[in-house]
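>>> Generate coordinates for the sequence data below:
(2 chains)
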Amino acid sequence: MELLCIRQWISGLLPTWLSAWCIKPVGGALVRQEPEYILLALMGSPLKKIMLCSSEKEIFSVEEQVMVQHSVIINNMIEDGSYNHEESKIPLDCVDSKTLKKVIDYCTHHTHHHNDNQEDLEAWDAQFLNVDSNGLYDLLMAANYLEIRNLLDLIYGTIKNMIKGKKIDEIRRIFNIKDHGFTPEEEEQNRKEYPHFY
Amino acid sequence: MKHKADAEAKVLPLELVEKILVWLPVKSLIRSRCVSKQWLSLISDSRFAILHYDTADAAPTNKNTRLLYLSSEVPEARCVDLEASIRGDYALQLPLSCRQFSLSILGSCRGFILLRIHVNGAPLLLWNPVTGSHRSVPYPIIDPVPSWVGFFGSSNKLWGGLGYDESCDDYLVVVGWGNDQEWEPHWEYFSVRTNSWEEIECGHLPPHLVTIDCALFCNGVLYWLAVKYMKVNVVIAFDLAGKHLSMVSFPTSGGSRLLKLFAGCLGISYLNFTEDQKIEIWVMKELSWTRLNVVLPYAYGIHPLCFTKGELVGTKNNELVKVSDKGVSVESLRISCHDNDSKMVMFTESLLSLPDEFGGTGKEQGK
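All right, here's what the predicted structure looks like:
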């Protein structure tokens, strides 16, 4: 039986007040979820997978629930019906394979381990972000594109801590800023006015 | 955005840099202005200043809140981060035009401080200590001129406050003066946008009302602690949107002390003489008072300033002290300042600039 028919059948059986109780996390916020999806999950139906396609044309298969919970963009694509489970894949031209794999890792871990205690999750996050600055920026841009709120907040917090209290030259290195754009006179003026920054 | 070989060092697009910088404390932003020309123009943009301020203010406690006091030893202002160790205080340059005079603080709001210069004829000063920009606000012209104008003697009080009217993105300077014996008080407010003074109706307030503290701005209302008939303490409130003065009732009668802002809400600290001489703290939420479930043993001589993370910060003689809720002194810092002279204020560091009268957001107006 096609999934759509199952859905309609179930939703016909359920009282309307039930939908008020069904909420799920999407992209870090909580939204109402149709009760029929929750029932299906509870009934142990095979977890729906979706296909994500990286910029290098590599296909990654991932549980639909995992991505829908974390990425607002993917959730919207699936809810408005522009994604057909049977044939299409979601093309992500901005994200390369290495980064996409990491993003999927993050979302999968946080979905399956969301009941873990805070310390364990934070330790896993710290290990997850133990990458070089290029990798970190790729992750940031992917999380920004896919609108994954908790990954974004995690990366913002990490970068913010990386630059707090650092000297100007170190900040430039962290952000790969080769040409600061100041004239020699302006740079000289800054160094004189704020010697302790350098 | 497509990227080429991995070997090429990646540069974050400016829109993402902005999203990171918005979370930085003000001090780090000042430093970040020197990183690159792009970052300088981003941080100096008034749109960014507003975004940064709103982001910090939306958090449960604004991380940029500081205590600022005017040093009585050297002509400078000093800033203390009360959430962190209070030993880490730093100096801020006063505007050049007022460094050699005696000053007092009438209020603060959104990173601006209202300064009063104790010299005949000197105007009020609106000052942002972080950016250094300032604007002078001449006193209103009163007709007929009372005989005491220019003579700020002990029985003639001048009080004031600084607030922000969200409905029209305008800063209002409120000034009042009077004498608790003879003259009726007079209240006026100055709008930074229209650059003019307007009188405030105060006939409905009880007579002989004189305020004893500088104003606190909280949720669109300015509050003063005032004295009625030289005895009874009352709270006067000025609603900025409605331009309306009113009185706010106290939670209980009794030995009230200071009116201070606690964690974003209006708070009053009480000296409860009846029960073991404890300091009680009452907080006003939604126009009703609740007593905080923290009662501090009366540490003799402490004037409470603020209550953060279960610790009370206050002044005691010439020291700033942090006291745990058991009354144990956690930290102290010697400061050359007495709170009684209106030389101390809680303020929030910001990069904001004042709107100019032509409707734009102002540029620097130094003197």
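>>> contacts and neighbour counts: CA atoms only from here.
OK.
>>> Nearest spatial neighbour of the residue in the stretch 251-367 of chain B that chain A sits nearest to, chain-adjacent residues omitted?
The minimum distance from the stretch 251-367 of chain B to chain A, using Cα to the nearest Cα, falls at residue B:349 (16.8 Å). Setting aside the residues directly before and after it, residue B:349 is nearest to residue B:111 in space (Cα to Cα, 6 or more residues apart in numbering or on different chains), at 4.9 Å.
>>> Near chain B, which residues of chain A are found?
Contact residues, chain A versus chain B (Cα under 8 Å from any Cα of the partner chain): A:93-94, A:134, A:137, A:141, A:156-157, A:159-160, A:164-165, A:168-169, A:171-172, A:175-177, A:179-182, A:190, A:197.
>>> Can you find the helix or strand in chain A with the smallest mean pLDDT?
One helix or strand of chain A scores below all others by mean pLDDT, DSSP states H and E: strand A:29-32, with a mean of 55.
>>> Mind checking what secondary structure residue B:227 has?
Following DSSP: H, G, I helix; E, B strand; the rest coil, residue B:227 is assigned to strand.
>>> burial of the closest residue to it other than its chain neighbours, as a residue count?
Spatial nearest neighbour of residue B:227, chain neighbours left out: residue B:233 (4.7 Å); criterion: Cα to Cα, 6+ apart. Residue B:233 has 22 neighbouring residues, counting by other Cα atoms under 10 Å in any protein chain shown.
>>> Can you tell me the element residue B:233 falls in?
Secondary-structure assignment from DSSP states H and E places residue B:233 in strand B:232-239.
>>> Just checking the distance from that strand to the centre of its chain.
17 Å (Cα atoms, centre = their mean, to the nearest Å).
>>> can you give me the mean pLDDT across it?
The predicted model gives strand B:232-239 an average pLDDT of 82.
>>> Helix or strand next in line after it, which one?
From strand B:232-239 onward toward the C-terminus, using DSSP H and E, the following helix or strand is strand B:244-248.
>>> Give me the sheet partners of that following strand and which way each runs.
For strand B:244-248, the paired strands and their directions (DSSP bridges) read strand B:232-239 (antiparallel).
>>> Tell me the buried residues in stretch A:131-145?
Across stretch A:131-145, burial judged by 16 or more other Cα atoms under 10 Å in any protein chain shown covers A:133-145.
>>> what do you get for stretch B:118-132?
The neighbour-count check on stretch B:118-132 (16+ other Cα under 10 Å) flags B:118, B:123, B:124, B:125, B:126, B:127, B:128, B:129, B:130, B:131, B:132 as buried.
>>> Of those residues, which ones also sit close to chain A?
Within the buried residues of stretch B:118-132, nothing lies near chain A by Cα under 8 Å from any Cα.
>>> contact partners of stretch B:53-72?
B:22-23, B:25-26, B:76-82, B:103-104, B:263-264, B:335-337, B:343-352 (Cα atoms under 8 Å, 6 or more residues apart in numbering or on different chains).
>>> now, which of the buried residues of stretch B:118-132 sits nearest residue B:165?
Distance to residue B:165, by Cα to Cα, is smallest for residue B:126 among the buried residues of stretch B:118-132, at 15.7 Å.
>>> Check which helix or strand that closest one maps to.
Element membership of residue B:126, judged by DSSP H and E, is strand B:124-127.
>>> For chain A, give me its nearest residue in chain B.
residue B:36 (4.2 Å).
>>> so what's the nearest residue to that residue once chain neighbours are set aside up against?
Nearest residue to residue B:36, sequence neighbours excluded (Cα to Cα, 6+ apart): residue A:180, at 4.2 Å. Taking Cα under 8 Å, 6+ apart, we find residue A:180 in contact with A:172, B:35, B:36, B:37, B:38.
>>> Quick check, the residue in chain A closest to chain B?
Counting by Cα to the nearest Cα, chain A gets nearest to chain B through residue A:180 (4.2 Å).
>>> what about that residue, which SS state?
Following three-state DSSP, residue A:180 is assigned to coil.
>>> Show the model's pLDDT score for residue 94.
No chain in the question, so chain A it is. 89.
>>> Please refer instead to chain B.
Per-residue pLDDT puts residue B:94 at 89.
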